[in-house]
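J.: Okay, here's the prediction I keep looking at, along with the sequence it came from:
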Amino acid sequence: MATVAVELGQADGGLELAGSSTVVVQPGDTLWSIAGEVAPEEDRRAVVDALVDANDLDAVELVPGQVLQLP
């Protein structure tokens, strides 16, 4: 499970995470689970979309060790 401590803030109506700028994917992690960890108070669908956009992901399959940029 990826562990990231962040603070949330809104800027220009979009999701913005302040704190750690990356997360390393661990075995069993999904975009959904990472979204819940990095932004537990936010709508996970919006966080997943922001993660996909920030990392130019074409697929939702993640690879352990992969480094994702946080939006």
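T.: Looks like it came in fine.
J.: Please name the residues that touch V52.
T.: L31, V60 (Cβ atoms under 8 Å, 6 or more residues apart in numbering). To be clear about C-beta, it is placed using only N, CA and C from the backbone, and glycine gets the same treatment.
J.: in stretch 21-31, what's buried?
T.: Residues of stretch 21-31 classed as buried by neighbour count (16 or more other Cβ atoms under 10 Å): V23, V25, D29, L31.
J.: Which members of those occur in helices, if any?
T.: Mapping those onto helices (DSSP state H) picks out L31.
J.: Could you identify the helix or strand that succeeds the helix of greatest length in the chain?
T.: In the chain, assigned by DSSP H, the helix with the most residues is helix 44-54. Following helix 44-54 in sequence order, the next helix or strand is strand 67-69 (DSSP states H and E).
J.: got the contact list for that following strand?
T.: Counting by Cβ under 8 Å, 6+ apart, residues outside strand 67-69 touching it are S21, T22, V23, V24, V25, I34, L51, A54, N55, L62.
J.: rerun at 6 Å
T.: Residues outside strand 67-69 that contact it (Cβ atoms under 6 Å, 6 or more residues apart in numbering): T22, V23, V24, A54, N55.
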